[in-house]
Every structure is written in C-alpha cells, then in structure tokens.
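Engineer: Structure of the sequence below:
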Amino acid sequence: MIYRSKAPLRIGLAGGGTDVSPYSDEFGGAILNATLSLHAHASIETLDQPKIILESLDKKQVQEFEWSTQLPITGELDLLKGVYNRIQLDHPFTIKGFRLSTFVDAPAGSGLGTSSTLVVAILGAFAEMLKLPLGDYDMAHYAYEIERNDLKLAGGRQDQYAATFGGFNFMEFYAGDKVIVNPLRIRQEYLNELENNLVLYFTSTTRESAAIIKEQQKNVKEKNAKSIEAMHQLKEQAKMMKEALLIGKLAQIGEILDYGFQQKKNMAANISNTGIEDIYHAAKKAGATGGKISGAGGGGFMIFYCPGNTRYRVIETLNTFGGKINPYQFTKHGLTSWTIQ
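Structural biologist: Numbering: from 1, shown residues only. Below is the predicted model:
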C-alpha cells in the first residue's frame, strides 16, 4: 500500500512576522497569505521487512533504520523523524516497516514556508495511513507543535495553517495558541488580474530563517520600540490588503506591498541586503509599483506587483540579476491525501 499527500506552499502578501510569539501573544497578529501551485509531497510505502527508510528526494538524502518507535534527531531528515516520533507517541502503530519519501517543489530556505508545509504533508500521509480523524485546525496545530515544540525550530504559525487550509486567507493569531482562519471570497476576475500582475522571482539564494526570527523575538522581549511599531504597521497592512482584494482596489496592491516591505526591514537586521535592494529598485524602475521579500527575509523568493503590461519589462530586468522567474497559479485547496492499493 502507498499513502500519499501533498500540501501547497504559500506567499505572504501582508502582515508577515506578526504570527511569531511573543508579539502575537501580547498584541495579536494578522497575516494575509495565498497558496500556490507549488507543493510539498510525501509518500509512505509499507514494506514487508522490519525497517524504516527515510528519503528526501529533492535533497538526495537517505537514511535507513531498524524498526523502532523513536528515531534519533541528528540534524538530518529531522522533519521526517519528528513527525514519525510524535505520531508513535500519540497514535502508536505496529507495521512491519515502511519507506517515507518526500519532495518539495521549491528549495528549503526560499521563503515559501517549505519546512512547515513539508511537516503538514508528512503528517497528512501518516493520517491517511492510520485514518486519524483530524480536522483542518487540528492538523495545522499538530504540525505547529511538532515543528516548534518537539523539534525546537524557530518560526511563526501561518505556514502550517496556509498549507492545511489552502486558498486566500486572512489569519488572526492570539495568545494561548488561538488561531482564526478567515477564508476570503475574492471575485475571480480580481484573482485573475492579481495572478497576471504578481511576478514570483527566485533570487537563487537561500537563507536560514531562524536567526532572523530569533532576533525579531528578542526585539519584542526587550521592548524595542522601532521593531514593535513596525509589526503594528504590518498588522495594519494585512487589513489594508484584505480590503483591497475584496473590493477590487488592485491598483493599490503595489503600494501596500511596498509599504509593508519598508516596515518589515525595521523588524530585525538582515531582512534585506544590498543584493535584495538592487533587485527591488531595478524592478520598480522597470514598472513594478511594489513588492517584498518572501518569508523571514534575507534571500529566497521575492514578489513584485506589475500593473498593466509592465510585467514583461520587469521580468526582462529581473533576468539580468541571475535569478529565475517562477511560473505559478493560485490554488484553492490545502492538504490533500489519498491511498494507492
């Protein structure tokens, strides 16, 4: 038997960083994000031998273990091990063995929520195999606990919920792990225009988001006024973006993105750098009205809003920086799982 699942990656359009504790616990956070036709994939194939094989097909990493209910966390394939370990604690199962294979359509550290989305996909495959009765909120929170509490990986909470729910969502984050996901009913013509005008560009660099996130958390704990005010403004930006998308004020999208990008740089050091700034200013000179770095910052993907037909000039300009334009479509569905006999 083979149990498969896939979960979509996401782009954050507004409010990025306000889902991270302790800011969200003290002030409440708000984020608007959308899922893309790029996915994290997971497959579990049952084996007749008492062994566990873990393989990351995109990273070309493989580890094999004798059957055990707990696998060692060593720094390699830890997301796969972490999900398995937690599942065995909460929902013990005994099968002869299995092969867990994963693949992600974007590089790790690229700012599209790859790690958290992969955890959701792996969890989805195990839930499919064990027929676990997990709703969307349950699945997202479970993935969050595994990544943040069990594996002690720094980060926020939006990625797990985006991957599980899918689509365009306005998310609210509060103390006590309270999350409210508000799906947005955006007119199709607005989505078509947004998809046409929003260019997704990979800078061909990746980064470790943990250091940036830890500094952001430190700034809140130490009551850094500049950083906290930036997060307040980003929360307001999420509300501005929601209104613009629902009402169809698409001409404002670029300005709202630009406003958020300027605020985000005040949250922590290394969110932007000379290379990112050069790309950003060149894109605006070519016709983009705004954009942002995706995820925590420091590298990875960038998005640019290009009204009219300026996308073609912007793409031509971006191609001179050695990165890659990444085709995509918005998706409406979140985590999906199925079984192959």
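
Engineer: how's this protein carved up into domains?
Structural biologist: Annotated domains of the chain cover 2-185, 188-325 [automatic domain parsing].

Engineer: Show me what counts as buried in the longest strand seen in the chain.
Structural biologist: Longest strand in the chain by number of residues (criterion: DSSP state E): strand 29-46. Buried residues in strand 29-46, counting neighbours by 16 or more other Cβ atoms under 10 Å, are found at 29-36, 38-44. Glycine gets a C-beta too; all of them are placed from N, C-alpha and C.

Engineer: What of stretch 85-100?
Structural biologist: Buried, per 16+ other Cβ under 10 Å, within stretch 85-100: 85-88, 97-100.

Engineer: Sort out for me which of these are in helices.
Structural biologist: Per DSSP state H, helices hold the following members of these: 85-88.

Engineer: how about the nearest residue to Gln63, chain neighbours excluded?
Structural biologist: Leaving aside its sequence neighbours, Gln63 sits nearest to Leu54 (Cβ to Cβ, 6 or more residues apart in numbering; 4.9 Å).

Engineer: got it, and Lys59?
Structural biologist: Leaving out its chain neighbours, the residue that sits closest to Lys59 by Cβ to Cβ, 6+ apart is Ala108, at 7.6 Å.

Engineer: Quick check, the one you found in contact with Thr117.
Structural biologist: No: with contact defined as Cβ atoms under 8 Å, Ala108 does not reach Thr117; the gap is 10.6 Å.

Engineer: Compare these two (neighbour count), which wins?
Structural biologist: Ranked by neighbour count (other Cβ atoms under 10 Å), Ala108 and Thr117 place Thr117 first, with 31 against 18.

Engineer: Quick one: mean pLDDT for the longest helix along the chain?
Structural biologist: Counting residues, the longest helix found in the chain (DSSP H) is helix 225-247. Averaged across helix 225-247, pLDDT comes to 95.

Engineer: Low-confidence stretches in the stretch 101-250 of the chain?
Structural biologist: Residues of the stretch 101-250 of the chain meeting the criterion pLDDT under 70: 206-210.

Engineer: out of the domains of the chain, deepest packed?
Structural biologist: When you average the neighbours per residue for each of the domains of the chain (mean count of other Cβ atoms under 10 Å), domain 2-185 leads with a mean of 20.

Engineer: start to end distance for it?
Structural biologist: End-to-end distance for domain 2-185: 35 Å, by Cα to Cα, to the nearest Å.

Engineer: on that earlier part again, and the direction of the helix or strand just after the longest strand of the chain versus that of strand 29-46, what angle?
Structural biologist: Per DSSP states H and E, the first helix or strand lying C-terminal to strand 29-46 is strand 51-56. Here strand 51-56 points in a direction 130 degrees away from that of strand 29-46 (axes from the mean of the first three to the mean of the last three Cα atoms, to 10 degrees).

Engineer: Mind exporting the C-alpha coordinates of strand 51-56 to CSV?
Structural biologist: Taking C-alpha atoms only, strand 51-56 is exported to CSV below (Å, rounded to 0.1, in the frame of the first residue of the first chain):
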residue,chain,number,x,y,z
LYS,A,51,12.9,-1.4,8.8
ILE,A,52,12.3,2.3,8.3
ILE,A,53,13.7,4.0,5.2
LEU,A,54,13.6,7.8,5.1
GLU,A,55,14.4,9.7,1.9
SER,A,56,14.3,13.3,0.8
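
Engineer: can you list the residues that contact that strand?
Structural biologist: 47, 61-68, 71, 77, 80-81, 84, 97-103 (Cβ atoms under 8 Å, 6 or more residues apart in numbering).

Engineer: returning to that earlier point: which neighbouring elements make contact with the longest strand of the chain?
Structural biologist: Applying 3 or more Cβ pairs under 8 Å, 6 or more residues apart in numbering; DSSP states H and E, one finds that strand 29-46 contacts strand 2-14, strand 98-104, helix 114-130, helix 158-165, strand 168-174, helix 225-247.
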